[in-house]
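Asks: Would you be able to build a 3D model of this:
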Amino acid sequence: DLRRLYQLHFAFARITEVHTLRDTAEYLLNAYVGRAAGRRILAGEIVRGGGQTIEAVIWFCDLRGFTGISDRLPRDAVIALLNDYFGAMGGAVTEAGGEILKFMGDGMLAIFPVEGASARAATVAHAIRAASAARLAVGALNLHRSEAGLHPVEFGLALHVGEVMFGNIGASRRLDFTVIGPAVNLAARLETLSSALDRSVVLSSAMA
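Replies: Numbering: from 1, shown residues only. As a prediction, the model looks like this:
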């Protein structure tokens, strides 16, 4: 039996290696592009311009006054501030079933895919609850930061629901799996209004 196992262990090792590499790839893709995008990339959806039209709630947020903060604070303090902020925002999104697509400097883009017209109201409600959770998380975070004498976290967040193209865009040798379309542009414009309106969260009429 031991001789047979020795003869087979090379094959077993190869099978184990294949599964381990796939698990590692899946973990890394989930960490860097999100679960839904990671699954589609592993399935071979790596053609530039390829994607599908879906309906989703678009979450677009950024950190208020980040340019001035990054000019005044040391590098490590800026990184810690961003990590605290993204931790609060990202945790609220993922806990509510959303998908973080990318971090852009001090901004974050996420979606809550709508699984059919009958699920639209529930998906919108999940996103609204995530926004409320994010506000509470940032409030708790700012208590700790204030006690430590650190700069508070202030943010603007816009939520909109509409159709987006979810897929690959980019250069021939470097792709980005993301969402694009007028609905994403509207969410970005709404986010800029949050500062002018002095509101941390702004909803589109479609969300309302």
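Asks: hey, C-alpha coordinates of the lengthiest strand in the chain in CSV?
Replies: If each strand of the chain is counted by residues according to DSSP state E, the longest one is strand 155-171. Output in CSV follows, covering the C-alpha atoms of strand 155-171 (Å, rounded to 0.1, in the frame of the first residue of the first chain):
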residue,chain,number,x,y,z
PHE,A,155,-17.8,62.1,3.4
GLY,A,156,-20.3,62.6,0.6
LEU,A,157,-22.3,59.7,-0.8
ALA,A,158,-24.7,59.5,-3.7
LEU,A,159,-27.0,56.6,-4.5
HIS,A,160,-28.8,56.1,-7.8
VAL,A,161,-30.5,53.1,-9.5
GLY,A,162,-30.3,52.5,-13.2
GLU,A,163,-28.9,50.4,-16.0
VAL,A,164,-25.1,50.1,-16.4
MET,A,165,-22.7,48.1,-18.5
PHE,A,166,-20.8,45.7,-16.3
GLY,A,167,-17.7,44.4,-18.0
ASN,A,168,-14.2,45.0,-19.3
ILE,A,169,-12.8,48.4,-20.5
GLY,A,170,-9.2,49.5,-20.8
ALA,A,171,-6.0,49.1,-22.8
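Asks: quick check: mean pLDDT across the one helix or strand Tyr32 maps to?
Replies: Assigned by DSSP states H and E, Tyr32 belongs to helix 2-33. For helix 2-33, the mean pLDDT works out to 85.
Asks: Using the neighbour-count criterion, name the buried positions in that helix.
Replies: For helix 2-33, a neighbour-count test (16 or more other CB atoms under 10 Å) marks 29, 33 as buried. For every residue, glycine as well, the C-beta is placed using N, CA and C.
Asks: Show me what it packs onto, helices and strands only.
Replies: With contacts defined as 3 or more CB pairs under 8 Å, 6 or more residues apart in numbering; DSSP states H and E, helix 2-33 has these neighbours: helix 35-42.
Asks: what sits up against the helix it packs on?
Replies: By CB atoms under 8 Å, 6 or more residues apart in numbering, the residues outside helix 35-42 that reach it are 22, 25-26, 29-30, 33, 99, 101, 113, 166, 177.
Asks: and the two most separated of those?
Replies: The largest distance within the contacts of helix 35-42, taken as CB to CB, falls between Arg22 and Pro113 and amounts to 24.1 Å.
Asks: Over to the residue nearest the centre of the chain. Which of the three states is it?
Replies: The centre of the chain sits closest to Ile100, judged by CA atoms, centre = their mean, with a distance of 1.4 Å. What DSSP: H, G, I helix; E, B strand; the rest coil gives for Ile100 is strand.
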